[in-house]
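[1] next comes the sequence, and after it the predicted model I'd like to discuss.
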Amino acid sequence: MSVAKQSASDGSAVRLQVASLVDLAYERLQIQIASGTLAEGSRLIIDELARTFGTSAIPIREALVRLKAERFVTFEPNKGYRVAPRPDSMELEHLFQARIILEIGAVRGGLGNVDEDVLEALTAENAELMRIRVGGSSAANRAFILANERFHLLLVGLSRNPFVIDAYNRLGYHQRMLQTHYERGDPDAERVIREHDEIILALRTKKHGPVEKALRDHIVFGRSRLLDPSARP
């Protein structure tokens, strides 16, 4: 029996294929929603999407479950899935409040876990952000948001607390930013990168005060530029 046949017989190849199809369906649907190709309130019919994507219903269904967790779509029993509205000011306010609680709390509790590996990983992600030409294309705008998400996940990961990390992932903050910045990109990309550098420098001190100030200032500025543009310098 060949390796391929053996893998298929024990189900591992099938599971890998399904997982890959879920990721592809998730990414495609996420982009279509963020770009407005799928309009707010549009009904998402699993069988129709499966035919359009050329796959079975299983990857579509699992992709929609992920998108619902990130609030890209809504679900009602007997009515199915629909494209969710873009985030309003109240949702954004709540997201920023949650970020302050979770991110600062995670870093406060995990400051002792900062080492050179963590600092190098953060620096590498920020270097990746610098390489992306924001506004050059929708794909570049999406790449910037995903790299920014990885930077902040590294910070939250300092807690080494799976419940805190899971709670942060469930916020879907960066995914909601994708809906906001997908077409034009983050207008304050350069400042975001600069503030990340300030956070890394503060982490090197391993002192709570400078670290928490740098992170709080970063989150508060993000809030002000979205909810009160007049407050931007």
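    On my side now, so go ahead.
[2] need the contact list for the residue nearest to Glu195 when sequence neighbours are not counted.
    Spatial nearest neighbour of Glu195, excluding adjacent residues (Cβ to Cβ, 6 or more residues apart in numbering): His218 at 4.4 Å. All C-beta atoms are positioned from the backbone trio N, CA, C, and that covers glycine. Contact analysis of His218 by Cβ atoms under 8 Å, 6 or more residues apart in numbering lists 192, 195-196, 198-199.
[3] highest neighbour count among those residues?
    His196 (23 neighbours; other Cβ atoms under 10 Å).
[4] which non-adjacent residue is nearest that residue?
    Distances taken as Cβ to Cβ, 6+ apart put Asn126 closest to His196, at 4.6 Å, once the chain neighbours are dropped.
[5] the one you found: neighbouring residues, count only.
    Look at Asn126: counted by other Cβ under 10 Å, it has 20 neighbours.
[6] element containing it?
    For Asn126, the enclosing helix or strand under DSSP states H and E is helix 116-131.
[7] then Gly109?
    Going by DSSP H and E, Gly109 is in helix 105-110.
[8] which outside residues touch that helix?
    By Cβ under 8 Å, 6+ apart, the surrounding residues in contact with helix 105-110 are 155-161, 164-165, 168, 203, 208, 211-212, 215.
[9] ditto for stretch 93-103
    Outside stretch 93-103, the residues that reach it (Cβ under 8 Å, 6+ apart) are 87, 152, 155-156, 164, 167-168, 171, 173, 176, 215-216, 219-220, 222-223, 227.
[10] JSON lines for the contacts of His218, including secondary structure and pLDDT?
    JSON lines is the format used below for the contacts of His218 (DSSP: H, G, I helix; E, B strand; the rest coil; pLDDT from 0 to 100):
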{"residue": "Val192", "secondary structure": "helix", "pLDDT": "95"}
{"residue": "Glu195", "secondary structure": "helix", "pLDDT": "97"}
{"residue": "His196", "secondary structure": "helix", "pLDDT": "98"}
{"residue": "Glu198", "secondary structure": "helix", "pLDDT": "98"}
{"residue": "Ile199", "secondary structure": "helix", "pLDDT": "98"}
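[11] just to check, Val118 is in contact with Val156?
    No - assessed by Cβ atoms under 8 Å, Val118 is found out of contact with Val156, at 11.8 Å.
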